[in-house]
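In: When you get a sec, could you give me coordinates for this:
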Amino acid sequence: MKEENLDGKVPVRAYTKADLAMLYNPGVCITTALQLLRRWIYANKQLMAELQEAGYNKNRHSYMPLEVKLIFKYLGEP
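Out: Just a heads-up that it's a prediction; the model follows:
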């Protein structure tokens, strides 16, 4: 079932890292999109600090809703 979003915003929910990376970088391959998103996240010290407080695990294959909310807060919505 596809999520409908009438206001045009990207919903805050759990995303795989690949899915979120592709939302931010739709015109590139998945590997490049993942690398870009990871660089943006790691370059933002405040974002990294808040993600770590929220329980971020770099080895997990998805971002939890709280992590997505923080990413949107610092990087903007895709």
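In: quick one: the helices in the chain?
Out: 17-24, 30-43, 45-53, 65-75 (DSSP state H).
In: who wins for proximity to Val10 among those?
Out: Closest to Val10 of those, according to Cβ to Cβ: helix 17-24, at 6.4 Å. Heads up, the C-betas are built off the backbone N, CA and C, glycines and all.
In: That closest one: which residues count as buried?
Out: Lys17, Leu20, Ala21, Met22, Tyr24 (16 or more other Cβ atoms under 10 Å).
In: Dump the helices of the chain into JSON lines; add distance to Lys9 as well.
Out: Compiled in JSON lines, the helices of the chain are given as follows (distance: least, Cβ to Cβ, whole Å):
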{"stretch": "helix 17-24", "distance to Lys9": "12"}
{"stretch": "helix 30-43", "distance to Lys9": "19"}
{"stretch": "helix 45-53", "distance to Lys9": "20"}
{"stretch": "helix 65-75", "distance to Lys9": "9"}
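In: Mean pLDDT and distance to Asn59 for the ones you listed - can I get that in a markdown table?
Out: Below are the helices of the chain laid out as a markdown table (pLDDT from 0 to 100; distance: least, Cβ to Cβ, whole Å):
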| stretch | mean pLDDT | distance to Asn59 |
| --- | --- | --- |
| helix 17-24 | 98 | 11 |
| helix 30-43 | 98 | 12 |
| helix 45-53 | 98 | 13 |
| helix 65-75 | 98 | 14 |
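In: With Pro11 as the reference, name the closest of those.
Out: helix 65-75 (8.9 Å).
In: now the angle from that closest one to helix 45-53?
Out: 170 degrees (axes from the mean of the first three to the mean of the last three Cα atoms, to 10 degrees).
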